[in-house]
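S.K.: Quick one: sequence plus predicted model below, questions after.
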Amino acid sequence: MFIFLSTWSIKYDHHIIGNCGKEDRSEMTTGTTLRDKAFGLIKHGIVSGEWEGGTFISEKQLCERLQMSKTPIRSALDRLEMIGLVKLVANQGFVVQEMSLKKILDVYQLRLALETFAASQLTAKMDSPYFERLDENLAKQAEAVETRDIVEYVELDRQFHELIVSGLDNEEYSEAMSRLQDKFLRAVRTTFYRDRNRMDGSLEEHKQIRQALEGNDPALTVRLISQHIHFVEKVML
């Protein structure tokens, strides 16, 4: 099926809007910004579950709705193909990649390795600003749980785990975590829709992980993160 973007209401200042199918002078100076915006917006539509696996993406509709020329749209789709969120089908265009069970489990194993490594390295070593960022995120999670806002909670869940890995102060690890989250998040979202009470348990586990990071037992932090991530695997199986 093809996506329909009638619900989008994205607007840009007139001086950076290109005409669909054309290249204009303004885009020559702001092309990188437009490509990044297109990439972020389209990726959000995929990761958020708005466009499910198997959905065909119309470049023309994206061009019209984002009010951009084809160049940044195609660049964004090429980047999304490189990270495995879409694929180019001959004579049809781009389609959102479907996540097979094997793919989900492959990503799960990589994320587990990365986060448990972070836990082993960061426990008892982080400063107050690090925990302040985690606490701020946890407060927002609690609000999302209170209102039963799954969409908001999933995004905060993503941020929480990326905040943990950011403590390694390693750009390669952070970028790898972001790419894994792009793929893993669809599975995470499924667990919350299958069990709407899961948010409560997830939040409590996040709080325990945060406390363990501040403690003096790396093995405990590793175990808590392993159990937390393992829940998604159990649901998917």
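M.R.: Done, it's in.

S.K.: which ones are touching Gln141?
M.R.: Going by CB atoms under 8 Å, 6 or more residues apart in numbering, Gln141 touches Tyr153, Leu156, Asp157, Phe160, Leu203, His206. Where you see a C-beta, it was placed from the backbone N, CA and C, and this is true even at glycine.

S.K.: Which residues are in contact with the second one?
M.R.: When contacts are counted by CB under 8 Å, 6+ apart, Leu156 is found next to Asn137, Lys140, Gln141, Ala144.

S.K.: In helices only, show me these.
M.R.: Filtering those for membership in helices, criterion DSSP state H, returns Asn137, Lys140, Gln141, Ala144.

S.K.: what number of residues lie near the residue lying closest to Lys183 once chain neighbours are set aside?
M.R.: Leaving aside its chain neighbours, Lys183 sits nearest to Val107 (4.9 Å; criterion: CB to CB, 6 or more residues apart in numbering). Around Val107 sit 22 other residues, with neighbours defined as other CB atoms under 10 Å.

S.K.: cool, Leu85 as well?
M.R.: Here the count is done by other CB under 10 Å, and Leu85 has 23 residues near it.

S.K.: Identify the residues contacting it.
M.R.: Taking CB under 8 Å, 6+ apart as the definition, contacts of Leu85 comprise Lys43, Ile46, Val47, Val96, Gln97, Asp182, Lys183.

S.K.: Just to check, Glu115 is in contact with Phe160?
M.R.: No. With contacts defined as CB atoms under 8 Å, Glu115 does not count as touching Phe160, sitting 10.8 Å away.

S.K.: From His44, how far out is the closest residue in space to Glu59 that isn't next to it in sequence?
M.R.: Leaving aside its sequence neighbours, Glu59 sits nearest to Ile73 (CB to CB, 6+ apart; 5.6 Å). Between Ile73 and His44 the computed distance is 15 Å (CB to CB, to the nearest Å).
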